[in-house]
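Engineer: This is a predicted model, with the sequence first.
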Amino acid sequence: MPSASVAAVSCHLEQPLDDVTWARFDALQRRRPGGFDVIALMRPPDAEHGEDERVWLERARAVAARGPFGLHTHWTSPTHARPTGGDPAARVRAETAWMRERGLEPAFFCGGGWYTDGDVRRAVAELGLVDCTIRHGGPAPGVLPTTHSLGALARGVLGPLPRYVHAYFHDYDLLDPLRRSALGVSLQVLSRRRPPGDPLSISR
């Protein structure tokens, strides 16, 4: 665990090619609610489902230039995150290589549907990515566990909190006015109780 209280925030970008969803996330990342540099965890475009690589790259480069950036692998399809076959670790390696070949350098990783296994964890470590897939415990070298969903954060931010908090939300949460408002208020309150930390420094 970190020696002092600290917090991090990440977003799973599930709909990076939807213009409205993208605009909401883009505005939030620029605003830095509560002073948090939100980790943008993006799944690469899926050509088999007709997703536009050019637009995706424009948006990924924009968010990566502004703050922490990482890979969010969906193993089956844009709407089915967990693997249904194939080699999950090989997909992580392939997607990381795909990003790097296009000038993107992911620093973080979170498995879609919270999926992981021994081979995936080894691949993530060998690729030098900080793993955010774990859902419990505190940070360690190369590991930045995710502790609170948006709902858990909104319910718990006024009560007892662990010293380390890593809250996450989905980009599509920003389409709902109530969830968007809850996120903004919760992050403001969280920042007063657990100061925003640099995600890479926390994981070291």
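Structural biologist: Cool, got the structure.
Engineer: what about Gly86, distance to Gly159?
Structural biologist: For Gly86, the distance to Gly159 equals 42 Å [C-beta to C-beta, to the nearest Å]. The way it works is simple: take the backbone N, C-alpha and C, and place the C-beta from them, glycine included.
Engineer: Counting neighbours, go ahead and name the busier of those two.
Structural biologist: Gly86 (10 against 6; other C-beta atoms under 10 Å).
Engineer: Leaving out sequence neighbours, find the closest residue to the more buried one.
Structural biologist: Closest residue to Gly86 apart from its sequence neighbours, by C-beta to C-beta, 6 or more residues apart in numbering: Trp75 at 7.1 Å.
Engineer: shouldn't the one you found be in contact with Ala90?
Structural biologist: No: the criterion here is C-beta atoms under 8 Å, and Trp75 misses it with Ala90 at 10.3 Å.
Engineer: re earlier: where's the residue nearest to Gly86 relative to Val157, distance?
Structural biologist: Trp75 is 32 Å from Val157, by C-beta to C-beta.
Engineer: Give me the pLDDT value at the residue nearest to Gly86.
Structural biologist: Predicted confidence (pLDDT) for Trp75: 84.
Engineer: ok now do it, which residues does it touch?
Structural biologist: Residues near Trp75 by C-beta atoms under 8 Å, 6 or more residues apart in numbering: Ala81, Arg82, Pro83, Thr84, Gly86, Pro88, Arg91, Gly112, Tyr115.
Engineer: Sticking with it, tell me its helix or strand.
Structural biologist: Using DSSP states H and E, Trp75 maps to neither a helix nor a strand.
Engineer: Okay, helices next: where are they in this protein?
Structural biologist: Ranges of helices in the chain, per DSSP state H, are 19-31, 53-66, 88-101, 118-126, 150-156, 177-193, 199-203.
Engineer: List the contacts of the third one.
Structural biologist: Put plainly, it is helix 88-101. Helix 88-101 has contacts (C-beta under 8 Å, 6+ apart) with 44, 60, 71, 73, 75, 83, 105-106, 109, 111, 115, 117, 119-120, 122-124, 127, 129.
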